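> Kindly generate the corresponding structure for this input.
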Amino acid sequence: MRDFVELTGIVIKSMPIGDFDRRVTIFTKERGKIYAFAKGARRINNQMMGFARIFAYGKFKLYEGRDSYNIVNADIANYFEEVSADIESTCYGTYFLEMLDYYTKEALVDIESLKLIYYTLLALTKKSIPNRLVRRIFELKLMTINGEYDLTPGLKDKTALYTWEYIIYSKPEKLFTFVITEEALTEIEKYMDIMIRKYIDRHFHSLDILEDIL
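Below you'll find the predicted structure:
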């Protein structure tokens, strides 16, 4: 008898397998990062196409095998179409997923990071907050959740320092509620770049694409 599980999560990576299938990475609320096959996802008009798209967030029904999962069905609550429809937003979103993939671990539950990516992608759909600020909020909060950050990196601007501390101590759902001056954002960008070089030993290829279009 097959064992089915229902997990809430978001597709953070999707790659082709064979002629018709896809292998996806889903970051889930219940089991952290998992890997699953979406059979037929490369066939035109197959419902699995939607289930295997990056940014797809919802409840996934999966058959749990010995070494991997297979997607049986899914109830997608949000495809973040506004992100996918805009080149700049897509580049930012892809970068966020790549950084999330770097930090998250298989089978390690991390609800805060799941909340963070959800509210970050929502923020990309709203033009009231600059994407540059969305990026730095996401980077700092994700690194804070994983214990790799500097509490006082040497910020001189008072607004930048207050913002830095606010991001560190606030819940993900409270983060994307403000804007700051260009001077404060520029200083935060400077010290975030320094901190990323200090703690992260991977080059994110999606960041190259993002920087090329900006």
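
> Sketch out the low-pLDDT regions of this structure for me.
1-2 (pLDDT under 70).

> which strand is the longest one in it?
strand 4-17 (DSSP state E).

> what's next to it, contact-wise?
The contact list for strand 4-17, computed with C-beta atoms under 8 Å, 6 or more residues apart in numbering, reads 22-31, 33-34, 37-38, 41-42, 51-64, 69, 72, 97, 100-101, 114, 117-118. The C-beta positions use only the backbone N, C-alpha and C, and glycine is treated the same way.

> Pull it out as PDB, backbone CA atoms only.
What follows is strand 4-17, C-alpha atoms only, in PDB (Å, rounded to 0.1, in the frame of the first residue of the first chain):
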ATOM      1  CA  PHE A   4       0.800   9.500   0.900                       C
ATOM      2  CA  VAL A   5       1.800  12.700   2.700                       C
ATOM      3  CA  GLU A   6       0.500  16.200   2.400                       C
ATOM      4  CA  LEU A   7       3.100  19.000   2.800                       C
ATOM      5  CA  THR A   8       2.800  22.700   2.600                       C
ATOM      6  CA  GLY A   9       5.700  24.400   0.800                       C
ATOM      7  CA  ILE A  10       7.200  26.300  -2.100                       C
ATOM      8  CA  VAL A  11       9.000  25.000  -5.200                       C
ATOM      9  CA  ILE A  12      12.500  26.500  -5.000                       C
ATOM     10  CA  LYS A  13      14.200  24.600  -7.800                       C
ATOM     11  CA  SER A  14      12.900  22.700 -10.900                       C
ATOM     12  CA  MET A  15      15.100  20.800 -13.400                       C
ATOM     13  CA  PRO A  16      14.200  18.600 -16.400                       C
ATOM     14  CA  ILE A  17      14.600  14.800 -16.100                       C
END
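
> Give the next helix or strand downstream of that strand.
strand 21-28 (DSSP states H and E).

> Inside strands: which ones of the contacts of strand 4-17?
22-28, 33-34, 37-38, 57-64, 69, 72.

> got the buried residues for the longest strand of the chain?
For strand 4-17, a neighbour-count test (16 or more other C-beta atoms under 10 Å) marks 7, 9-14 as buried.
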